[in-house]
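K.L.:
Predicted model follows, preceded by the sequence.
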Amino acid sequence: MARGFKPLVLLVVLISTALGSTPLLAQRGGPRPPTPVIVFETQMVPYSDRIEALGTLRANETVQLTAPVADTITAIHFDDGQRLEAGHVLVEMTNAEEQALLAEARSTVDESRAQFERARDLAERGSATRSTLDQRRREYDTARARLRATESRLQDRLIIAPYDGVVGLRSVSVGTYVSPGQVITTLYSDDVMKLDFSVPEVHLSAIQIGQIIHAKAQAFPGQIFEGTVASIDAAIDPITRSIQVRALIPNDDRLLRPGLLMTVELERNARQAIAIPEGAVIVEARDRFVWVVDAEGTSAERRAVRLGTRRVGEVEILEGLEVGERIVTHGGANLRPGSEVRIRAVETGNEPLSDLLAQEQ
């Protein structure tokens with residue numbers, strides 16, 4: 001039995017030393033060595049409460065391009081998903097009759113203008129009466145009005161992009177006979193996106209026009225899109241007790257698309273507060289504690305704290321700590337009241353633990 005016990009004791013001593021705890025032999029006799037710890041120095045930082053919501057993206061402008069008249073499509077000048085400029089002709093419809101009428105109307109305008117100018121020259125020389133000049137002017141005006149009407153009918157057989165944007169999928173082909181109101185495609189203006197989301201009425205006072213919002217989507221992990229609140233609905237929904245809010249998000253790189261589901265974060269109650277790493281807090285029933293290292297950096301005391309708002313990886317301290325105090329973030333599990341400590345590293349909250357363990361004060 002005695003021979004088998006020594007290797008076991010040696011193994012326990014090696015494990016205890018690697019974890020930074022007091023070796024078993026030191027516990028059985030001799031002074032307890034200081035416990036190595038990693039600390040965090042408290043300071044005032046900008047802090048705020050966060051409101052989260054789910055929102056759906058919409059294009060800044062959306063229009064369904066439809067057939068204005070019943071006729072047959074003779075030409076299509078766009079592809080699915082193509083980006084277009086305002087004035088681009090997307091679809092042409094049968095217009096042979098309108099083209100003939102247009103040629104006739106232009107000829108009539110040219111003739112009536114020549115007659116009017118001739119009558120005006122004769123009237124200036126006194127060779128034509130005033131009534132003849134007025135008649136030629138009426139004929140010229142009538143011919144121009146008929147030309148505009150013919151151009152308008154011809155325009156009805158062209159489907160034109162009203163603004164810059166990108167088209168969706170087309171639903172027609174050359175030769176399709178379309179009826180008035182039939183959808184040809186949809187045009188989206190996507191340089192700026194609208195994000196509509198609902199906020200509970202209890203947060204109504206925290207929402208303001210021009211407020212910054214941050215949004216993210218599962219389609220773009222790790223990427224955050226910034227926007228501003230553009231408008232707030234005039235009424236609260238009596239069923240959901242929430243209000244609709246619309247934010248505008250720049251989309252210069254055209255990553256965002258209409259219909260995308262996004263998580264929205266808004267900030268309220270901006271303030272300066274003490275925030276510490278969440279892992280430094282010790283939970284015992286309803287009480288919360290932290291280990292605070294003294295000014296000399298040789299011992300630590302357990303102190304009760306009152307917590308405030310939590311953020312990812314950190315928590316606000318409302319009571320119990322002062323600015324400039326050092327709290328234990330790693331190694332606190334080995335501490336006891338009156339334990340001596342040795343500060344191994346000071347963290348700022350951003351370093352990997354492996355880098356901190358490699359440091360030595």
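P.N.:
Received it, and whenever you're ready, just let me know what you need.
K.L.:
What segments of this protein are helices?
P.N.:
For the chain, the helices defined by DSSP state H cover 2-18, 24-28, 96-125, 130-155, 353-357.
K.L.:
What average pLDDT does the fourth one get?
P.N.:
For helix 130-155, mean pLDDT rounds to 75.
K.L.:
repeat for the last one
P.N.:
For helix 353-357, mean pLDDT rounds to 62.
K.L.:
Likewise for the longest one?
P.N.:
pLDDT averaged over helix 96-125 equals 73, rounded to a whole number.
K.L.:
Can you pull the domain assignment for this protein?
P.N.:
Split into domains by automatic domain parsing, the chain comes to 31-48+273-357, 50-60+188-271, 95-156.
K.L.:
between those, which gets nearest to Val172?
P.N.:
Across the domains of the chain, Val172 has its closest neighbour in domain 95-156 (16.2 Å, C-beta to C-beta). Backbone N, C-alpha and C define where each C-beta goes, glycine included.
K.L.:
Could you find the closest non-adjacent residue to Glu340?
P.N.:
Computed as C-beta to C-beta, 6 or more residues apart in numbering, the closest residue to Glu340 that is not its neighbour in sequence is Pro34, at 4.2 Å.
K.L.:
mind listing what that neighbour touches?
P.N.:
Contacts for Pro34 (C-beta atoms under 8 Å, 6 or more residues apart in numbering) come out as 298, 339-342.
K.L.:
now do 7 Å
P.N.:
Contacts for Pro34 were tallied using C-beta atoms under 7 Å, 6 or more residues apart in numbering; they are 340-342.
K.L.:
just the buried members of those?
P.N.:
Burial by neighbour count, 16 or more other C-beta atoms under 10 Å: within the contacts of Pro34 this picks out Val341.
K.L.:
which residues touch Thr185?
P.N.:
Counting by C-beta under 7 Å, 6+ apart, Thr185 touches 65, 167-171.
K.L.:
Stretch 40-50: how far from the chain's middle?
P.N.:
Stretch 40-50 sits 25 Å away from the centroid of its parent chain (C-alpha atoms, centre = their mean, to the nearest Å).
K.L.:
Among the contacts of Thr185, the buried ones, what's the PyMOL command?
P.N.:
A single PyMOL command selects the buried members of these (16+ other C-beta under 10 Å):
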select buried, resi 65+167+168+170
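K.L.:
now the contacts of Thr185 in a markdown table, with pLDDT?
P.N.:
Formatted as a markdown table, the contacts of Thr185 follow (pLDDT from 0 to 100):
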| residue | pLDDT |
| --- | --- |
| Leu65 | 92 |
| Val167 | 95 |
| Gly168 | 93 |
| Leu169 | 93 |
| Arg170 | 90 |
| Ser171 | 89 |
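K.L.:
Alright, I will stop here.
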